[in-house]
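> have a look; sequence and predicted model below, questions after that.
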Amino acid sequence: MPRLLTYNVHRCVGTDRRLDVDRIVAVIGEHEPDIVCLQELDVGRARTGGVDQAQAIAAGLAMTSRFHPAMRVEAELYGDAILTPHPERLIRADSLPSVRGVPGLEPRGAIWSEIEIAGVRINVLNTHLGLVPREQRLQAAALAGAGWLGGCNGPTLLAGDFNATSITRPYQTLCRRLQDCQRQLALKPSVKTFPSAFPAIRIDHCFVSPEIRIRAVRSDYSPLARVASDHLPLIIDFDMVAA
């Protein structure tokens, strides 16, 4: 049974303000996922010691990584990655639309890989949406459109930090394309992942196509996970079935 883990790692700086890539590797490795979607990675940034965090985490997990820099500051990069030990190929890594005239908004992006597990090719998309509702609506619409989900055939998973709860319009836009994995199981209460110390909000999601049957959704409430990042990981076990 394949397992996907999506995790906003907060540039590997924990709630104790300590930078520790190995701690993130330990949290992820405990769950032995087949697919890892990571958000808020630093690559070559002075503030985190110049480390390529995507590559360092992948190496610690014996996986390969595909990284997309949503933001570039000269040689410094910041963005999202998909990691896996399975055969994969990059389909698309690109920016998402933003809004003008709002100071302090970070550029946002998405990354799409095709991963082969047990002879089945799976579309995996990873993203981190913005903080302003208007930009979230534009970004969700782009993801639902022809260049992203509209181009997916077969089993598809869209995971990440959407900065949007299940009552928002961006979430509902994506639910018109795919099904929220927690709703497929009708989970009550739902699995919440933010903030990590006292998880009360559900903004990390995984949406799936009809070829994906969810077996379990959970998080990691261990002391290590609660301190390693300001989010907890969301862990999804699934099967692939005929649509």
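The structure has been received and is ready for your questions.

> output the lowest mean pLDDT helix or strand found in this protein.
Across the helices and strands of the chain, mean confidence by mean pLDDT, DSSP states H and E is lowest for strand 64-73: a mean of 94.

> all strands for the protein, in order.
Under the criterion DSSP state E, the chain contains strands at 3-8, 35-43, 64-73, 76-84, 88-96, 108-117, 120-128, 156-161, 179-180, 204-208, 212-219, 234-240.

> any idea which of those strands is most buried?
Most buried of the strands of the chain, by mean neighbour count (mean count of other Cβ atoms under 10 Å): strand 35-43, with a mean of 27. The C-beta positions use only the backbone N, C-alpha and C, and glycine is treated the same way.

> can you name the residues in contact with the longest helix along the chain?
Under DSSP state H, the helix in the chain containing the largest number of residues is helix 133-144. Contacts of helix 133-144 with the rest of the structure, by Cβ atoms under 8 Å, 6 or more residues apart in numbering, involve 96-99, 102, 105, 108, 110, 125, 127, 129-130, 148-150, 158, 162-164, 168-171, 173-174, 176-177.

> which of those count as buried?
96, 98, 108, 110, 125, 127, 129-130, 148-149, 158, 162-164, 168, 170-171, 173-174, 177 (16 or more other Cβ atoms under 10 Å).

> burial check on D52, number of neighbours?
By other Cβ atoms under 10 Å, 18 other residues sit near D52.

> skipping adjacent residues, who's closest to it in space?
V43 (4.8 Å; Cβ to Cβ, 6 or more residues apart in numbering).

> centre-most residue in the protein?
G160 (2.7 Å; Cα atoms, centre = their mean).

> surely D16 touches R226?
No. In terms of Cβ atoms under 8 Å, D16 does not count as a neighbour of R226; the distance is 10.1 Å.

> higher neighbour count, these two?
Each of D16 and R226 has its neighbours counted (other Cβ under 10 Å); R226 has more, 19 against 9.

> need the contact list for that one.
R226 touches 15, 196-197, 232, counting by Cβ under 8 Å, 6+ apart.

> picking that back up, how far off centre is the longest helix of the chain?
Chain-centre distance of helix 133-144: 16 Å, with Cα atoms, centre = their mean, to the nearest Å.

> next, L105: phi, psi?
Main-chain torsions, L105, degrees, to the nearest 10: phi -70, psi 130.

> relative to F162, how far out is it?
16 Å (Cβ to Cβ, to the nearest Å).
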